[in-house]
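[1] Just to be clear, the model below is a prediction. Sequence and coordinates:
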Amino acid sequence: MATHSPALDTTHAVPRGRWAMFGALGVVFGDLGTSPLYTLQTVVQATGGHFTPQSALGVLSLIVWTLIITISIKYCVFVMRADNHGEGGILALMSLIGANGFRPGFRLLTGMGLLGAALIYGDGVITPAISVLSALEGVNVVTESLRPWVMPMAVVILLCLFAAQRFGTEKIGRAFGPVMMLWFIVIAALGLMSIARHPGVVAALDPRCAVRYMVNAGGAGFLVLGGVFLCITGGEALYADMGHFGKGPIRCSWYGVVLPSLLLSYAGQTAFLADKAAVTGNPFFQIAPAWSIYPLVVLATLATIIASQAIITGSFSMTRQAMQLGWLPGVAIRQTSDRIYGQIYVPVVNWLLMIATIATTVAFGSSDRLAGAYGTAVSTTMLLTTVLLYRAMRDVWRWPVAVAIAVAAAFLIVDASFFLANLWKIAEGGWLPLSFAAILFVIMVTWRTGNDAVHATLVQPTEAAERFLSDLKSGAIPRVEGTTVFLTRSTRKVSGLIMAHVHFVGVLPKHAIALSVVFEETPRIIGPNCTVVDNVGEGLWHLVARFGFFEIPDLRRALRHAQGLDAAVDFDKALFVGARDLIVQKRGSASLSGWRLALFAFLYRNSVKVVDRFNLAPENVIEIARQIEI
């Protein structure tokens, strides 16, 4: 996948200590940390701006216990325990429970995992837009003259953000943690100043305030609940980025810095709401002194850029996982750091996200309008994560049925409540991330179905292999000096690609190696990852190179460490042969038809070439074109 880059050590060292906590603050908690910018603003809009001291306390209590139950307990205690060899994310969870495929008994779970992953991409379109817009709108508290310029400024910032991705985030990443630490200190201090004037808001720690509010609010309570949910958008990042920082630093950052700061900020804003009979605008900026607005807008903009960076790089990582697990076609991936594994750049994902995000920013124009589109995708993903987590409780942790049901049911009640509360947002913009997710879900399922059909088509009958070996022994097939590696998906004794090569070229090298590349359902392979499966004879070998779904495959490096080969085999001068296939429909086939076949053929034709995916020099690669009927 890495194009013309030096061999990389894919051994994954998770950073520890205080620097890991700083890194977690910047990458993991960017989205969660900037949620005070728009959460209560959305609640104000849902209530029409009318508050009583009791209703304000009820809203704050909902936020407090949402943060505690969903993030502090569900994700930090339970979900992060469901790691796949140290890695997290819904695709890693799907693989952990053995649902990476359409096997009987796993199809529904596989569909849930894929849908959850697709929804995170949909969230990735909304997050940068709403975050940057909400930060820049702070200037409206001081002056209305800049209001027409907020959206254009947001577009410029987003353009610069996406354009900078190709340089990598290693250098600016060092500043992420300190900037976010300053952000959390500032929002906590602003909250404390407001709480000092209205200390009665601490009563919201009593969960009965939340219950009373929901009982008395009736149907309007669900509208408010949809706004409250925004306080935990970004919660999936705790799980998805677990492999980069480890469970300890993420948990320490959350309990020690992020949670207290968020609670103080929300409590301070609520104190402001409780003192007003009617509220308009954003309470986050209204509790700040007038002299601090412009510096606060600058700091908020920096924080939202960091939050946007986190979701963008998260989309890059998920693309690599989906590609290597067989759910997306191969795309070019560039490693932007020779020291930090997670620093990658996926051009096609970056530019597609940029187009979608900027179009969304222009179309909606303001954060309050965009809030209607935000939360639908995340709430669905969290619900699906809980269902998969239950399967992990039973199959991986071996918990008793009663315990697993009790824990999962508690989380499902909360997740289902937020899911239902966000359904009303579909008409107001929630259809947007759901549409993105539906398109991506169809692409992933179509790609996997088509690939399975291609694999089935390429299976060679045993008689053909026996005839080929017989011709080889009799000398009917001329041999030439050299080593050629045939990249094949076949597990048969003689690869069809080798036979096709002889058919087209007329000769076979003295050393012919059929190499199958397998991506395992674990993030990394420890120890030798290239083994000899079969010494077919007559200079033919069958090898398998195994990589974890988080690794960058370097075939030359893997082959050099293969044991049991003839000493005369020279991989430094070896040629690599791959296939470039044309997909057509077989008459009467039911695998794919119509537009789905056209979609798969387009994806197959435009997937990354062998030379790019496996770190091979172009001058050492030959591709054979074949027509495949599926």
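    Great, that's in hand. Numbering: from 1, shown residues only.
[2] From now on I want contacts and neighbour counts done on CA atoms only, so please keep to that.
    Noted.
[3] do you know how far the residue of the chain most remote from its centre is from residue 505?
    For the chain, the residue at maximal distance from the C-alpha centroid (CA atoms, centre = their mean) is residue 474, at 53.9 Å. Taking CA to CA, to the nearest Å as the measure, residue 474 falls 18 Å from residue 505.
[4] ok, residue 385 - contacts?
    Contacts for residue 385 (CA atoms under 8 Å, 6 or more residues apart in numbering) come out as 90, 113, 116.
[5] Then residue 312?
    124, 350.
[6] Figure out the helix or strand that it lives in.
    For residue 312, the host element (DSSP states H and E) is helix 293-324.
[7] Tell me the buried residues in that helix?
    Under the neighbour-count criterion of 16 or more other CA atoms under 10 Å, helix 293-324 has 293, 296-297, 299-324 buried.
[8] just stretch 471-483 next, same as before
    472, 477, 482, 483.
[9] Just the residues you listed: which are in strands?
    Under the assignment DSSP state E, the buried residues of stretch 471-483 contribute 482, 483 to strands.
[10] quick one: low-confidence ranges for the stretch 51-200 of the chain?
    141-142, 168-174 (pLDDT under 70).
[11] how about the strand of greatest length in the chain as CSV, C-alpha atoms only?
    In the chain, taking DSSP E as the definition, the longest strand is strand 508-520. The C-alpha trace of strand 508-520 is given here as CSV (Å, rounded to 0.1, in the frame of the first residue of the first chain):
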residue,chain,number,x,y,z
LEU,A,508,8.7,-20.6,-16.9
PRO,A,509,11.6,-19.3,-14.7
LYS,A,510,13.8,-21.9,-12.9
HIS,A,511,12.4,-20.7,-9.6
ALA,A,512,8.6,-20.1,-9.7
ILE,A,513,6.9,-19.1,-6.4
ALA,A,514,3.2,-18.8,-6.0
LEU,A,515,2.7,-16.3,-3.2
SER,A,516,-0.6,-15.8,-1.4
VAL,A,517,-1.0,-12.7,0.7
VAL,A,518,-3.4,-13.2,3.6
PHE,A,519,-4.6,-10.4,6.0
GLU,A,520,-5.5,-12.0,9.3
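[12] Going forward, count from 461.
    Okay, using 461 as the starting number, the last item reads as strand 968-980.
[13] tilt between it and helix 753-784?
    130 degrees (axes from the mean of the first three to the mean of the last three CA atoms, to 10 degrees).
[14] Listing partners with orientation, what would you give for strand 968-980?
    Strand 968-980 has the following strand partners under DSSP bridges: strand 939-947 (parallel), strand 1000-1008 (parallel).
[15] Quick check: which of those strands is nearest to residue 792?
    For the strands paired with strand 968-980, proximity to residue 792 was assessed by CA to CA; strand 1000-1008 is nearest, at 17.3 Å.
[16] how about the helices of the stretch 711-860 of the chain, start to end?
    Ranges of helices within the stretch 711-860 of the chain are 719-734, 743-746, 753-784, 807-824, 827-830, 836-855, based on DSSP state H, counting those that start in this stretch.
[17] same deal with the stretch 461-610 of the chain?
    477-487, 490-494, 499-507, 513-526, 550-556, 567-596, 607-623.
[18] what helices or strands is the second one leaning on?
    Taking 3 or more CA pairs under 8 Å, 6 or more residues apart in numbering; DSSP states H and E as the contact definition, the neighbouring helices and strands of helix 490-494 are helix 630-657, helix 753-784.
[19] do you know which of the helices of the stretch 461-610 of the chain lies nearest residue 872?
    That would be, of the helices of the stretch 461-610 of the chain and by CA to CA, helix 513-526, which comes in at 13.0 Å.
[20] same for that closest one, what does it pack against?
    Going by 3+ CA pairs under 8 Å, 6+ apart, helix 513-526 lies up against helix 667-677, helix 680-688, helix 719-734.
[21] if we can go back for a sec, let's have the helices of the stretch 711-860 of the chain in JSON lines, adding mean pLDDT.
    Below are these laid out as JSON lines (pLDDT from 0 to 100):
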{"stretch": "helix 719-734", "mean pLDDT": "93"}
{"stretch": "helix 743-746", "mean pLDDT": "89"}
{"stretch": "helix 753-784", "mean pLDDT": "85"}
{"stretch": "helix 807-824", "mean pLDDT": "93"}
{"stretch": "helix 827-830", "mean pLDDT": "82"}
{"stretch": "helix 836-855", "mean pLDDT": "93"}
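[22] can you tell which of those is closest to residue 1079?
    With CA to CA as the criterion, residue 1079 lies closest to helix 807-824 of those, at 23.8 Å.
[23] Residues touching the closest one, excluding its own?
    Contacts for helix 807-824 (CA under 8 Å, 6+ apart): 584-586, 588-590, 611, 614-615, 618-619, 622, 625-626, 772, 775-776, 779, 791-793, 830.
[24] swap the cut-off to 6 Å and go again
    585, 589, 830 (CA atoms under 6 Å, 6 or more residues apart in numbering).
[25] Most neighbours out of the residues you listed, which is it?
    residue 589 (29 neighbours; other CA atoms under 10 Å).
[26] separation between the spatially closest residue to it that is not a sequence neighbour and residue 841?
    Nearest residue to residue 589 in three dimensions, chain neighbours excluded: residue 821, at 5.4 Å (CA to CA, 6 or more residues apart in numbering). Distance, residue 821 to residue 841, using CA to CA: 23 Å.
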